[in-house]
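1. with the sequence up front, the predicted model follows.
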Amino acid sequence: MNVLSDPTKRRWLAWGALATVFLLVNLHRLSTAVLSEQLTADFETTAAQLGTLHASFFLIYAAIQIPTGVLADRVGPRYVGSVGAIVLSLGAVGFALSESYLLAFVSRGLIGLGSGVIFVSILRFCANWYRTDEFATMTGLTGSVAGLGAILATTPLAITVGVFGWRPTVLGLAVVGFVAGGAVFLLARRSPAHAGLDPIEGVPEQPSVSLEEIGGYLRTLVTDLDQWLLSLVFFAGNGSILTLIGLWGVPYLVVVYELDVTTASYFTLLGSVGLLFGPTAIGWVSDRVGRRFLPMTIGMGLLTLAFTVVPLLGKPPLAVVAASYLGAGLLFGAAMLSLSVVKERYPAGASGVATATVNTAGFIGATILPAIMGVALDAHRTGETIGGTVAYTQYGYRLAFAILAGCLGLAFLSSAWLSLRNRVV
Ligand SMILES: N[C@@H](Cc1c[nH]cn1)C(=O)NCC(=O)O
């Protein structure tokens, strides 16, 4: 058997194609920080317009999660994943060629639209090609691809943009996206049977579900308290880590410790390194011990502790801050277990809508938590700017980080409650 006809090898090729597209998703969504100067100059944007350009991605991303779940369950990851890759790459071409802010905004929206379907398609693919006791590892591995994307979106992207310019770099990402989209179409079939291959031991062929049945599952999800508790876990976990790495983690260090932006960004890089290893490790441990709630609860407790360092101490030693940023990335995998739990609570054919529902909450968190922190910070301005960054008081930062810690604390209580009620798992 060769790599295409052996289903246990073929699934890695297909996952690799999907994961390449997901890497691009993460590069695009975190690229605004590195591109900000060039975008401001080329499109003559204000800070608010630049922020809107960045946020448009997350808003569209959150909005299309549930429709994506329905499509992934009905049509399968092959079509949804490859069309998503093409749409996001067309958006990247449009963005690279934009001559006006409006065109750039629409193109960035298109990148968000194509990107939004990829993660749930990967989870849907894994549900059909991997055993249940491999699912959390695969979810974690996919989360770790986001960590790699977060690392590549910093210095490596900055160097590439410095050498080639931002427009050719974004065009280059589009070319990779078109190729990866083609590979997804060729490789990522709905199941081993759809690829004409033997079944994989321990992975039953899953029945396809009708639109009516999916509607029924969606109605059940809305009234399912456990789904809301799991969504709270991912809302807090995903929202906090993306807020720390993507927005407020650097300005806090610049203002409170008077570090320059480059030095401060090494700390958020530590968070991304944590993200590279933590989700896979936590998913793997959960699969090996055959438990979801216990690692989720312990991990969420420790994640909450990592985020209480700033609110409690205000200006802890930098080594403690470094440990808390690294810990935040490592422990994020505990929040990702909520995706495995919700997938296992619903019939196999509905895993797309189930995981998409919890992922929606994660991206609502990533959209509103930074904004709420911004409101808290705006109430505590010092009136100065440090290194080009508006300065807020140390108390303002303590308060803003307390919002994340409080939210994570509630998520910890939710997972503890779920854990108590499901003591057998
Ligand atoms: N790993 C997260 C997203 C993330 C967090 N920090 C950087 N990226 C993830 O996989 N979320 C699901 C998704 O749809 O991207």
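-> Structure's in. What do you need?
2. now do the strands in the protein.
-> Along the chain, the segments classed as strands by DSSP state E run 381-386, 389-392.
3. so what touches the first one?
-> Right, the one you point to is strand 381-386. Outside strand 381-386, the residues within contact range by Cβ atoms under 8 Å, 6 or more residues apart in numbering are 254-255, 258, 390-393, 396. Where C-beta positions appear, they are placed from N, C-alpha and C, glycine not excepted.
4. ok, so of those residues, who is nearest the ligand?
-> The ligand lies nearest to Val254 out of the contacts of strand 381-386, by Cβ to the nearest ligand atom, at 20.7 Å.
5. hmm, that closest one is touching Thr262, no?
-> No - at 10.1 Å, Val254 does not count as touching Thr262 under the criterion of Cβ atoms under 8 Å.
6. which one of those two has more residues nearby?
-> Val254 (19 against 10; other Cβ atoms under 10 Å).
7. name the stretch among the strands of the chain that sits most buried.
-> Of the strands of the chain, the one with the most neighbours on average (mean count of other Cβ atoms under 10 Å) is strand 389-392, at a mean of 19.
8. list the contacts of the residue nearest to Tyr395 when sequence neighbours are not counted.
-> Among residues not flanking Tyr395 along the chain, His380 sits closest, at 5.9 Å (Cβ to Cβ, 6 or more residues apart in numbering). Neighbour list for His380: 392-393, 395-396, 399 [criterion: Cβ under 8 Å, 6+ apart].
9. out of these, who has the most neighbours?
-> Tyr392 (25 neighbours).
10. that one against Val375, yeah?
-> No - counting by Cβ under 8 Å, Tyr392 stays clear of Val375, with 11.5 Å between them.
11. and the gap between Arg124 and the ligand?
-> 12 Å (Cβ to the nearest ligand atom, to the nearest Å).
12. ok, how many other residues are close to the nearest residue to that residue once chain neighbours are set aside?
-> Closest residue to Arg124 in three dimensions, ignoring its sequence neighbours and counting by Cβ to Cβ, 6+ apart: Ala72, at 3.9 Å. Ala72 has 27 neighbours, counted by other Cβ under 10 Å.
13. now swap in Val3 and tell me
-> Neighbours of Val3 (other Cβ under 10 Å): 10.
14. got a list of what it touches?
-> Val3 neighbours (Cβ under 8 Å, 6+ apart): 9-10, 13.
15. spell out which parts of this protein neighbour the ligand.
-> Listed as neighbours of the ligand in the chain under the rule Cβ under 6 Å from any ligand atom: 26, 119, 143, 146, 150, 238, 241-242, 245, 275, 359, 362.
16. of those residues - the most surrounded one?
-> Ile241 (32 neighbours).
17. what's the pLDDT at the closest residue to it other than its chain neighbours?
-> Spatial nearest neighbour of Ile241, chain neighbours left out: Phe332 (4.7 Å); criterion: Cβ to Cβ, 6+ apart. Note for Phe332: predicted pLDDT of 97.
18. thinking again about what came up before, quick check: the residue nearest to Arg124 touching Ala356?
-> Yes - at 7.4 Å, Ala72 and Ala356 qualify as touching, with contact defined as Cβ under 8 Å.
19. how about the nearest residue to Gly246, chain neighbours excluded?
-> Leu30 (6.1 Å).
20. list the residues that contact the one you found.
-> 149-150, 153, 245-246.
21. okay, and which of those residues map to helices?
-> Within the contacts of Leu30, residues falling in helices by DSSP state H are 149-150.
22. and Arg219, how far from Pro316?
-> 47 Å (Cβ to Cβ, to the nearest Å).
23. no no, Ser351
-> From Ser351 to Pro316 the distance is 41 Å (Cβ to Cβ).
24. neighbour-wise, which of these two wins?
-> Remark: of Ser351 and Pro316, Ser351 carries more neighbours, 28 against 14, as counted by other Cβ under 10 Å.
25. got the contact list for the more buried one?
-> Counting by Cβ under 8 Å, 6+ apart, Ser351 has contacts 73, 123-124, 127, 343.
26. top of those by neighbour count?
-> Neighbour-wise, those (other Cβ under 10 Å) top out at Arg124, 30 neighbours.
27. find the least confident helix or strand in this structure, judged by mean pLDDT.
-> Least confident helix or strand, the chain: strand 389-392 with a mean of 74, by mean pLDDT, DSSP states H and E.
28. can you give me the pLDDT of Val424?
-> 52.
29. fine, thanks again, bye for now.
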